[in-house]
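Student: just need the structure, nothing else, for what follows:
(4 chains)
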Number of protein chains: 2
Amino acid sequence: MTEPGAKPTLRDVAQKAGVHPGTASRALNPETASKVNAATAKRVMRAAKALGYRPNPIARSLRTSRSHTIGMLIPDFTNSMFPPMVRGVDRVLSERDYTLLLADTDNNAEREERLYGALRDRQVDGLVIGTALRHHPLLTRIIADEIPFVLVNRLTDDHPTLAVVGDEVSGIRQTVAHLVGLGHRRIAYLSGPLTTTTGAGRLSAYKHALAAHDIGVAPELITECAAWTEVEGAKGLRRLLDGNEAGAFTAVMAGNDMIALGCYGVFRERGIVCPDDLSLVGFNDMPFIDHFAPPLTTVRIPNGDIGVEAANLLLDAIGSGSVTPKVVTLPVRFIVRGSTGPA
Amino acid sequence: MTEPGAKPTLRDVAQKAGVHPGTASRALNPETASKVNAATAKRVMRAAKALGYRPNPIARSLRTSRSHTIGMLIPDFTNSMFPPMVRGVDRVLSERDYTLLLADTDNNAEREERLYGALRDRQVDGLVIGTALRHHPLLTRIIADEIPFVLVNRLTDDHPTLAVVGDEVSGIRQTVAHLVGLGHRRIAYLSGPLTTTTGAGRLSAYKHALAAHDIGVAPELITECAAWTEVEGAKGLRRLLDGNEAGAFTAVMAGNDMIALGCYGVFRERGIVCPDDLSLVGFNDMPFIDHFAPPLTTVRIPNGDIGVEAANLLLDAIGSGSVTPKVVTLPVRFIVRGSTGPA
DNA sequence: ATGAAAGCGCTAACAA
DNA sequence: TTGTTAGCGCTTTCAT
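Tutor: Presented below is the predicted three-dimensional model:
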């Protein structure tokens, strides 16, 4: 018997129930409980409860080489997309008795490698990855290591994978339809980095949406921002403004809300009145973006739901022992606010 | 020899280096490397590198009952205080070869118990706790379980503990000094819930700061909001406005930025012009609060630094094997923006 | 239906 | 300095 006061082990439970540890193990595990006499099982359970027995997940992991643990790789925690996603993931995991190992890569490939290594060594049963680029070598390694994973919010060009994303194409389409309905024909686009699938995908959706309204794509009304930031957004808008004559466009679609935020700064800088002089639309519906002046018209991505869906998909894949690559697309919501008006 | 293709274990390394596994273990562990012949150690290291050996942390944990893992309990991940804190913690941990187990309690005591249980069962070496209330039974359990922990951003009344907080008293004092300097004498206070140390502490700091300027505390100018939310903040300001005659106060200090945000709504509702009619100050310096109209004067809490400091303190305590209760107070920064003006 | 025994991969007390 | 041995707590095959 383990000395009193110490945490009880399975042996203690077995002893108290008068059975062999193996039997106690079977009785306590729902999967194998059927292989044990009902009465015996009851006795074991009672003993376990009486002793306050808690199975040691580490010992179990060592034996089964499954950790009941999921790793999550995030590029930047302070980006408002991710907290709701992490929250969604965490909620599902804790419900299904998994624990979340979280790592912030800080958008740093080397750091990402290190963190991935740590997660893999800890034998995570699966990964939720929010850092994917269109071309992303890490994914090849993860596939080689045979760890199930699901991409959130992003896709990759390299492999078919499990992924959960918002319906960005629809978001962009609704945005364009809204602007066109308001009378805009010359709609500029401030793209995010084209190295990300979101950047490339939204730009392409913008072009298609214009075409659907018989509006030609004007290359001079499109510029790529070097990052999804306020600063780069501001730079982008200045490029657009300086590279075209006044009135060359009446509306600006920003690749996301951060880029749109940069536009607010340029508006102040140059005395541009939004939406009277220029309409502006963002993407993401960041927290509190509705409080800005003017409140930003934007597209809401259901980040929490993406997290929930991703976690469920991943856990199901793990449970079934096989991953069927597929992309789950969740609906987005277009939200009209004060930053868009008649052309 | 483990079959080729499988992950190499310590035995494989030992065999390849021609030593006993015990020796290999000692050679590979920095703590014990000194107890092994330098040449032998080299040989082992080389073998390890050649095989791509990665120690199995699970096996190590089982043996040493230390997991090299830190748990973090957060009340609400979507609260903008926490992502930077988590980030700070994560950065330190990953540098010092620890992994972060994150759990969002959703402000739910029962859920918190469950999550704590999961973390404890996983043998976390320590905990970072962002959920503490002034009176918090969970802490008693954690102490009984002898798991080192550090409180972030909050304190508790029940026990002396390790904690890292921002210098809230100084923040409030600077706020009051600023308002008084502007000519305000009747300064209302919209307190956060007094069940939290931050709520109680800031209110008390407000009273002391007023006294320091020979301003009497007027109970009718103080109201407690039921939560740190926009909605409750709005309700609070309405109570204040409705419970006093016009002009009874010329400035409002909000318990935090969320509560201040609620005030913006009431301003619009009632046609109050800020800061002309009423000055407003928040607390926290939430992301983008400087973009609001008018930009909010507030106090910046160094959340990232708090996370970093907390993680270091905790890891040091774990390393030294003993926790010395102490409160580390980090300086805050008072930031004047457009929401405050002359009385 | 249950017991016996082995072992996941590692570390640490002890012996040599 | 190195090898031997035992065992962390659990699961699981094999007997019975």
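
Student: hey, let's count contacts and neighbours off CA atoms from now on
Tutor: Will do.

Student: need the contact list for the closest residue to A:Arg186 other than its chain neighbours.
Tutor: Excluding its sequence neighbours, the residue lying closest to A:Arg186 (C-alpha to C-alpha, 6 or more residues apart in numbering or on different chains) is A:Phe249, at 4.6 Å. By C-alpha atoms under 8 Å, 6 or more residues apart in numbering or on different chains, the residues touching A:Phe249 are A:Arg185, A:Arg186, A:Ile187, A:Ala188, A:Leu221, A:Leu278.

Student: chain center to stretch A:113-123: distance?
Tutor: With C-alpha atoms, centre = their mean, to the nearest Å as the basis, stretch A:113-123 stands 19 Å off its chain's centre.

Student: next: stretch A:7-24.
Tutor: Distance, centroid of stretch A:7-24 to centroid of chain: 43 Å (C-alpha atoms, centre = their mean).

Student: hang on, the earlier thing: the residue nearest to A:Arg186 belongs to a strand?
Tutor: No. Under DSSP: H, G, I helix; E, B strand; the rest coil, A:Phe249 sits outside any strand and is assigned coil.

Student: for the residue in chain A that chain B sits nearest to, which residues are in contact?
Tutor: Using C-alpha to the nearest C-alpha, A:Leu101 is the residue of chain A that sits closest to chain B, at 4.7 Å. With contacts defined as C-alpha under 8 Å, 6+ apart, A:Leu101 is in contact with A:Thr69, A:Ile70, A:Gly71, A:Met72, A:Leu119, B:Thr99, B:Leu100, B:Leu101, B:Leu102.

Student: just list whatever residues bridge to the nearest residue to the fifth one once chain neighbours are set aside.
Tutor: By that I understand A:Leu119. Nearest non-adjacent residue to A:Leu119, counting by C-alpha to C-alpha, 6+ apart: A:Gly71, 6.2 Å away. Beta-bridge partners of A:Gly71, counted by DSSP bridges, are A:Leu101, A:Leu127.

Student: give me the number of residues near A:Gly71?
Tutor: Residues within reach of A:Gly71, counting by other C-alpha atoms under 10 Å in any protein chain shown, total 26.

Student: contacts only, for it.
Tutor: Contacts for A:Gly71 (C-alpha under 8 Å, 6+ apart) come out as A:Leu100, A:Leu101, A:Leu102, A:Ala103, A:Leu119, A:Val124, A:Asp125, A:Gly126, A:Leu127, A:Val128.

Student: which ones among the contacts of A:Phe249 are found in strands?
Tutor: Here DSSP state E is the test, and these give A:Ile187, A:Ala188 as lying in strands.

Student: need the max-distance pair from the contacts of A:Phe249.
Tutor: The two members of those with the most space between them (C-alpha to C-alpha) are A:Leu221 and A:Leu278, at 13.6 Å.

Student: rewinding a little: ok, so of the contacts of A:Phe249, who is nearest DNA strand D?
Tutor: A:Ala188 (58.7 Å; C-alpha to the nearest atom of the strand).

Student: was I right about the closest one contacting A:Glu224?
Tutor: No. Judged on C-alpha atoms under 8 Å, A:Ala188 makes no contact with A:Glu224 at a distance of 11.3 Å.

Student: those two - which one has more neighbours?
Tutor: The residue with more neighbours, out of A:Ala188 and A:Glu224, is A:Ala188; 25 against 21, by other C-alpha under 10 Å.

Student: give the bridge partners for that one, please.
Tutor: When bridges are called by DSSP bridges, A:Ala188 pairs up with A:Val252.

Student: pLDDT at it, what is it?
Tutor: pLDDT, A:Ala188: 98.

Student: contacts for stretch A:187-207?
Tutor: A:132-135, A:154-156, A:168-169, A:172-173, A:176, A:217, A:221-228, A:233, A:236-237, A:240, A:249-256, A:259.

Student: go again using 7 Å as the cut-off
Tutor: Contact partners of stretch A:187-207, identified using C-alpha atoms under 7 Å, 6 or more residues apart in numbering or on different chains, comprise A:133-134, A:154-156, A:168-169, A:172, A:217, A:221-228, A:236, A:249-255.
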